[in-house]
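*Asks:* everything below, folded, please.
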Amino acid sequence: AVSTAKDIDKAVDSYVVGTGSAVESTDEYQKVLAYIYKNNYGEDFQDIADSMAQVSNQMGELNDTDLQNITENALALRDTFGYDVQESVRAAKMMMDQFGLTSDEAFNLIAQGAQQGLDKNGDLLDSINEYSVHFKQAGFEASDMFNVFKSGAENGAFSIDKIGDAVKEMGIRLKDGTANEALTQMGLDANKITEAFAKGGDEANTAFIEIAKGLNNIQDPLTQNQIGVQLFGTMWEDLGADAVTAMTLYGDQFNKTIDTMNQVKEIKYDNLSDMFEALKRNVEMLVLPLGNSLMPILEQVIGLLNDNMPAIQGLIEQITPIITDLFTQLLPPLMDLGQTLMPIIMQLLQQLIPFITQIIQTILPVLVQLLQTLLPPIMQIVQAVLPILIQLLHPILQLLQPII
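*Replies:* All right, here's what the predicted structure looks like:
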């Protein structure tokens, strides 16, 4: 109990220092940490406290429920896909800020992206952080961004970072007028398109769709390549025509409302090993109140010892020579006595061992035969009495269950 209370107290102090949180709210932080620990997330109290601190530093002020939920989501992503807590929380925060998602929706999309292979080069979280703002300016929703990543990756793009960079490059060229000639060649109103992109939102997305249709309707590969370079710059050359055109015709494979994170949690931690760990942690939490009650008493005792340490040290210094002198005088006669008695004891044991061995060899067959004779009637008695005992205990167990 004391060990658990001590560890959780140390972890909460670490969280308070790491986040600059109010010291008077320590009890609330301890409750959040305890809930996360009981739910079987994190390696230990300190790991959970560090993760909570990273969440708080990234997300800002959170209520207890959100702090617990986001921390659990980040730890589940780490356990399942190996994502660093700080990086996954930062990516989720970016989508929350740019697209107005809830934390659950953001983590759902990250999990779906990992499941569908968008992180094959390890750049999913970085791409979310870097390009969310550009997808937002182009009128995309968060799920659209993931669909664009997926469509480009399935059609030859070797990195989703390049796909995000292509959208970014197109947005820059549309705003600064570099792409006007290409828009005109496709039969589009360059001024109207650039104004729509400058406004963002639905108008920008409508303009993007018009550009995508115009680009895909070009039959001549050379003309399409020329216009593609004017729209996407070197990204068109890096990704190739197939990947870029496929990217502009994205599908609908991602959905922020699908509760992917809870599905991940249910499957990831649904095994015997994690069940035993969860049971162990819940037992530890049962004794936590006792540990918290004992901590102030121990602090007083330790404080008392520290205050009186000079006196204790002086007492020990006085006693040490006496104890040393006592052992110096007693040890030689004790060693002599041991050397005298040892041969006698060994001789006695050598005489007793054959006698003890003979007794065991004589009695063992009798015991085995007796057990074989008694076992059948004992089993009959047990089989007859057990149902009656179960019937008698059943109502008692019903009363004991809520107490337990």
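*Asks:* could you give me the average pLDDT of the strand or helix carrying residue 237?
*Replies:* In this structure, residue 237 is located in helix 234-239 according to DSSP states H and E. Average pLDDT, helix 234-239: 84.
*Asks:* and that helix, how far from the chain's centre?
*Replies:* For helix 234-239, the distance between its averaged C-alpha position and the chain's averaged C-alpha position is 37 Å (CA atoms, centre = their mean, to the nearest Å).
*Asks:* name the next helix or strand following that helix along the chain.
*Replies:* For helix 234-239, the following helix or strand on the C-terminal side (DSSP H and E) is helix 241-247.
*Asks:* which residues does that next one contact?
*Replies:* Outside of helix 241-247, the residues within contact range by CB atoms under 8 Å, 6 or more residues apart in numbering are 148, 151-152, 154-157, 163, 166, 212, 215-216, 221, 224-225, 228, 232, 235-236, 239. To be clear about C-beta, it is placed using only N, CA and C from the backbone, and glycine gets the same treatment.
*Asks:* please produce a PyMOL select command covering the buried subset of these.
*Replies:* This is the PyMOL syntax for the buried subset of these, where burial follows 16 or more other CB atoms under 10 Å:
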select buried, resi 148+151+152+155+157+163+166+212+215+224+228+232+235+236+239
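*Asks:* keep only those of the contacts of helix 241-247 that are in helices.
*Replies:* Secondary structure defined by DSSP state H assigns 148, 151-152, 154, 163, 166, 212, 215-216, 221, 224-225, 228, 232, 235-236, 239 of the contacts of helix 241-247 to helices.
*Asks:* who's in contact with the closest residue to residue 228 other than its chain neighbours?
*Replies:* Distances taken as CB to CB, 6 or more residues apart in numbering put residue 236 closest to residue 228, at 4.1 Å, once the chain neighbours are dropped. The contact partners of residue 236, by CB under 8 Å, 6+ apart, come to 166, 225, 228, 229, 244.
*Asks:* would you point out the most distant pair within those?
*Replies:* The most widely separated members of the contacts of residue 236 are 166 and 225, with 14.5 Å between them, by CB to CB.
*Asks:* check which helix or strand residue 392 maps to.
*Replies:* Residue 392 is part of helix 309-403, with elements assigned from DSSP H and E.
*Asks:* likewise for residue 252?
*Replies:* Using DSSP H and E, residue 252 sits within no helix or strand.
*Asks:* tell me the contacts of it?
*Replies:* When contacts are taken as CB under 8 Å, 6+ apart, residue 252 is in contact with 143, 147.
*Asks:* any idea how far it lies from residue 151?
*Replies:* Distance of residue 252 to residue 151, computed by CB to CB, to the nearest Å: 10 Å.
*Asks:* what's the helix holding residue 392 packed up against?
*Replies:* The helices and strands touching helix 309-403, judged by 3 or more CB pairs under 8 Å, 6 or more residues apart in numbering; DSSP states H and E, number zero.
*Asks:* quick one: residue 287 and residue 3 touch, right?
*Replies:* No. Residue 287 sits out of contact with residue 3 when judged by CB atoms under 8 Å, with a separation of 9.4 Å.
*Asks:* more neighbours, those two?
*Replies:* residue 287 (14 against 10; other CB atoms under 10 Å).
*Asks:* how far away is the residue nearest to that one when sequence neighbours are not counted from residue 302?
*Replies:* Of all residues not flanking residue 287 in the chain, residue 1 sits nearest, at 4.0 Å (CB to CB, 6+ apart). Residue 1 sits 17 Å away from residue 302, taking CB to CB as the criterion.
*Asks:* higher neighbour count, the two?
*Replies:* More crowded of residue 1 and residue 302, by other CB under 10 Å: residue 1, with 16 against 10.
*Asks:* OK, contacts around the more buried one?
*Replies:* Applying CB under 8 Å, 6+ apart, we find residue 1 in contact with 287, 288, 290, 291, 294.
*Asks:* try residue 17
*Replies:* For residue 17, no residue counts as a contact, taking CB under 8 Å, 6+ apart as the criterion.
*Asks:* ok, residue 198 - how many residues close by?
*Replies:* The number of residues packed near residue 198 is 14, by other CB under 10 Å.
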